[in-house]
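Asker: Sequence and predicted structure, then a few things I'm wondering about:
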Amino acid sequence: MSDSQIRSRGLVVALVSFFFIFGLSGAAWVVRIPQIREVIHVDVATLGILFLTGSIGAMLSLTAAGSVVARRGTRMTIAWGFILLLSGGAISITSLFLGNPIILGIGSFISGLGAGLSDVGVNVEGAALEKRQGRSLMPQLHGAFSLGTLAGALFGSLAITIGLDVATQTIAINIVFIVVLLTMIRYIPRGTGQSHGEHATEVAETPAERRANWTNPRLVLLGLAIFGASVAEGGANDWLALAMVDDYKIAGEQAALTFAVLVGAMTIVRFAGGKLVDRFGRAAVLRTFGIAGILGVLLVILGAPNPFVAWTGAALWGAGVALAFPLLLSAAADGENSSGRVAVVTAFGYAAFLVAPPLLGFLGQAIGLLNMFWVFTGLIGLLVIFAGAARPLAGSSPSSRSH
């Protein structure tokens, strides 16, 4: 095997590992939200504020991430993001031992800073790899995220069953984070997305070009589509397990299982998504699954108190939003010098994924979580309406062709 093949395989393994650990850590935390609420003694609205602190941190770093990648490349961006994530995690662990919601908010803010940087870094690197290989890869990479999410949900459910406290669980996850960072970061090549310095691989954007990305009609439509799907995905992450406890009146273990069904469906669809896209095109695939997602949310809303209906709805919900993030980022990467465009659409997605669901906690507190879920049906509708923007630009790679 040649050196280039070894480097390419190492890069794939590194990206899969990074996406997997992001999903693992997030889901293991999410399924423990009912217990976290009890440990820090807050209501749903206050919990939403604590989530919002992490979202604010992520949005601050997301707005700067494109410039960081341009100056330092994806390798350093990912490394710095991981370090901030680990630092925020350590502070959050402290808050759980002390039962202090203010400290948890601080930890969430720092973790959010790290999440924004690292997520843009891995997505820019993944999109660049997809373009080099000329075939659809982003759904599979995000499938690794979903597989990690499924593993995290199952791990969190097991931790509940055996009585493992949230702080100890979080310590274990952080140790895994450290191991992955130390063993895999060397496989990320220097220079990807960089437009300054000796390792630069792209032409530097002028300030006017960077501003133009935010008003580019195609990028705005891609941003609206990813916004709708990401609010629905983030909302499921933040509130689905809690809705099962509060509105379906089921035990924490069964609530965690509902979330596991959702992420299991997302995992399956993402790993199958590459072949579907290569055959039917991005726009058709996004629209079809988006309609399924709307049906799934409706089943969850109307299915109480029957958990079997909710599990069916959760599966359709997960399938409906599974391909939005990877395919819309692939669409943003069409053409040359794509890191700035990918960063813009990523910011739309994570703004929705991180900021909107916590804010919806106030609505859930006022009218109930299941009633709040009606918002998600309209937001997934944005994906269905604007999916056409994902059609490839002329001369783009075969991986993005449309039928």
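Answerer: Structure's in. What do you need?

Asker: show me what contacts Met244?
Answerer: 250, 254-255, 258, 307, 310 (CB atoms under 8 Å, 6 or more residues apart in numbering). (Glycine included, C-beta is placed from N, CA and C.)

Asker: Have a look at the residues you listed and tell me the least confident one.
Answerer: Ranked by pLDDT, these bottom out at Gln254, which has 79.

Asker: Mind telling me what element it is part of?
Answerer: Assigned by DSSP states H and E, Gln254 belongs to helix 252-280.

Asker: could you say what helices and strands that helix packs with?
Answerer: helix 3-30, helix 33-40, helix 138-162, helix 217-246, helix 282-302, helix 307-321, helix 324-332 (3 or more CB pairs under 8 Å, 6 or more residues apart in numbering; DSSP states H and E).

Asker: Which SSE is immediately downstream of the third one?
Answerer: Okay, so that is helix 138-162. helix 166-184.

Asker: Could you check the angle that following helix makes with helix 3-30?
Answerer: On the basis of axes from the mean of the first three to the mean of the last three CA atoms, to 10 degrees, helix 166-184 is oriented at 170 degrees to helix 3-30.

Asker: got any ranges where this protein has weak pLDDT?
Answerer: 1-6, 195-207, 337, 353-355, 357-358, 394-403 (pLDDT under 70).

Asker: Compute the inter-axis angle for the longest helix along the chain and helix 3-30.
Answerer: Longest helix in the chain, counting residues (DSSP state H): helix 44-98. Helix 44-98 and helix 3-30 are oriented at 100 degrees to each other (the same axes, to 10 degrees).

Asker: which element follows helix 44-98 toward the C-terminus?
Answerer: With DSSP H and E, the next secondary element past helix 44-98 is helix 101-133.

Asker: just checking, what packs against that next one?
Answerer: helix 3-30, helix 44-98, helix 138-162, helix 324-332, helix 339-350.

Asker: Recalculate using a threshold of 6 Å.
Answerer: Where contact means 3 or more CB pairs under 6 Å, 6 or more residues apart in numbering; DSSP states H and E, helix 101-133 is packed against helix 44-98, helix 138-162, helix 339-350.

Asker: Quickly compare those helices and say which is most buried.
Answerer: Across these, the average number of neighbours (mean count of other CB atoms under 10 Å) peaks for helix 339-350, which reaches a mean of 26.

Asker: what sits up against that one?
Answerer: With contact meaning CB atoms under 6 Å, 6 or more residues apart in numbering, helix 339-350 is reached by 58, 62, 65-66, 69, 120, 123-124, 127, 193, 205, 213, 219, 222-223, 226-227, 230, 325, 329, 332-333.

Asker: same thing with stretch 172-191?
Answerer: By CB under 6 Å, 6+ apart, stretch 172-191 touches 10-11, 14, 17, 21, 25, 28, 73, 75, 79, 82, 86, 89, 199, 201.

Asker: Can I get that stretch in CSV, CA atoms only?
Answerer: Taking Å, rounded to 0.1, in the frame of the first residue of the first chain, the C-alpha atoms of stretch 172-191 are listed here in CSV:
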residue,chain,number,x,y,z
ALA,A,172,-15.7,8.4,31.3
ILE,A,173,-16.8,10.2,28.0
ASN,A,174,-14.2,12.9,28.5
ILE,A,175,-11.5,10.2,28.8
VAL,A,176,-12.6,8.7,25.5
PHE,A,177,-12.5,12.2,24.0
ILE,A,178,-8.8,12.7,25.0
VAL,A,179,-7.8,9.3,23.6
VAL,A,180,-9.5,10.0,20.2
LEU,A,181,-7.9,13.5,20.0
LEU,A,182,-4.4,12.3,20.8
THR,A,183,-4.5,9.3,18.5
MET,A,184,-6.3,10.7,15.5
ILE,A,185,-5.4,14.4,15.0
ARG,A,186,-2.1,13.5,13.3
TYR,A,187,-4.1,12.0,10.4
ILE,A,188,-5.7,15.4,9.5
PRO,A,189,-3.6,17.0,6.8
ARG,A,190,-2.1,20.4,7.2
GLY,A,191,-3.5,23.1,5.0
